[in-house]
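**Q** sequence first, then the predicted structure, then my questions.
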Amino acid sequence: MTGAARLSVEGGAVLRFAPHVRFRFDEVRQAWIVLAPERLMLPDEQAVEILQLIDGKRAVDNVIDELSGRYDAPRDVIASDVIKMLQDLVDKKVLRL
């Protein structure tokens with residue numbers, strides 16, 4: 001039995017939250033949360049900055065460019081961190097292509 005092929009996050013990929021996942025500000029916790037069935041994630045500040053740019057329209061390259069410009073940081077460093085985080089969330093089925 002073979003598993004499904006791993007979806008690879010690349011610069012041209014346009015990501016969106018899976019239909020069963022909600023990313024929102026939680027007033028009780030005073031924090032951004034990722035809410036999925038039987039799962040609650042509390043992303044750190046950097047993850048929130050990235051997730052706020054995931055809109056189902058913007059390519060990963062555009063997200064990287066935005067963050068690189070916003071923080072005046074080297075694009076390759078930002079790209080490595082962003083793609084790694086987004087790949088992890090795609091693997092966990094929080095985000096989809």
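**A** Noted; the coordinates are in hand. Numbers count the residues shown, from 1 in each chain.
**Q** which other residues reach the lengthiest helix in the chain?
**A** With secondary structure taken from DSSP state H, the chain has its longest helix at helix 75-91. For helix 75-91, the surrounding residues in contact (Cβ atoms under 8 Å, 6 or more residues apart in numbering) are 6-11, 15, 46-47, 50, 54, 60, 63-65, 67-68, 71, 95-97. (Glycine included, C-beta is placed from N, CA and C.)
**Q** sheet-wise, list the partners of whichever helix or strand comes after that helix with their directions.
**A** Counting by DSSP states H and E, the next helix or strand C-terminal to helix 75-91 is strand 95-96. Strand 95-96 pairs in its sheet with strand 16-17 (antiparallel), by DSSP bridges.
**Q** quick one: mean pLDDT for the strand it pairs with?
**A** Strand 16-17 carries an average pLDDT of 98.
**Q** before we move on, what about stretch 67-83?
**A** Stretch 67-83 carries an average pLDDT of 95.
**Q** pull out the buried residues from that stretch.
**A** Leu67, Ser68, Ile78, Ala79, Asp81, Val82, Ile83 (16 or more other Cβ atoms under 10 Å).
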